[in-house]
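Novice: Give me a 3D structure for the following:
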Amino acid sequence: MKRNTPSPLHRRLSLPEHVTEFLTKEETAHAEHSLKAQAMAMRWITKFKYDNTQAGVGLGYNAEFWEQHEKMSQASSALKGLRAVLRYRYSLTFEEGLFKTAKGGVWGRMRTGLHGRGRGRYLKRNTLLMWIERDEFGENWFMNLNDNKTIIAIKGAALQSVIPVPPEEDDK
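Specialist: Modelled structure (predicted):
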């Protein structure tokens, strides 16, 4: 018999494992609670909609529906804020060194002028990057080593797909 075990927290938060390493114990408990509240509210709403559809009546949203909708909305907002904080903490760990994109479609904006961010572009998977600086806005700037001339700022959700390149070990 197969047990229904929950997936790891990082998957349930839709974050890579290396980003969820920055969770505190309090935040872990809060995330678990918010995920549970969100799931319970979603199940209730889905059942309500299904029951009304099967009864052949219009969806007469009542007070309990809006109460559950509000619970789901609050839990979703709490999780969205938690993910943003974890990504921010991860962004503060970047320092000199080589990095690469862990997946394709990483979005960044090219540097224009001293502080400007111009047109954006997508980076392919395994694009080699060199960290340059963190500016006054808290954005991390990288040089694309595939062409050695493009400097690009990566922030937000795209930053979680930038991972350090492990140092090469000596063959001894």
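
Novice: Quick one: list the elements packing against the least confident helix or strand in the chain by mean pLDDT.
Specialist: Lowest on mean pLDDT, DSSP states H and E among the helices and strands of the chain sits strand 116-123, with a mean of 83. Judged by 3 or more C-beta pairs under 8 Å, 6 or more residues apart in numbering; DSSP states H and E, the packing partners of strand 116-123 are strand 106-112, strand 151-154. The C-beta positions use only the backbone N, C-alpha and C, and glycine is treated the same way.

Novice: Recalculate using a threshold of 10 Å.
Specialist: Applying 3 or more C-beta pairs under 10 Å, 6 or more residues apart in numbering; DSSP states H and E, one finds that strand 116-123 contacts strand 98-101, strand 106-112, strand 140-144, strand 151-154.

Novice: Following that strand in sequence, what is the next regular element?
Specialist: Proceeding N to C from strand 116-123, the next assigned helix or strand is strand 128-134, under DSSP states H and E.

Novice: contact partners of that next one?
Specialist: Residues outside strand 128-134 that contact it (C-beta atoms under 10 Å, 6 or more residues apart in numbering) are 91-92, 94-101, 106, 108, 111, 123, 139-146, 148, 150-154, 162-165.

Novice: Off-centre distance for the least confident helix or strand of the chain?
Specialist: Centre-to-centre, strand 116-123 and its host chain are 20 Å apart (C-alpha atoms, centre = their mean, to the nearest Å).

Novice: Please identify the buried residues of it?
Specialist: For strand 116-123, burial by neighbour count (16 or more other C-beta atoms under 10 Å) applies to Arg117, Leu123.

Novice: Which strands border it, and is each parallel or antiparallel?
Specialist: strand 106-112 (antiparallel) (DSSP bridges).
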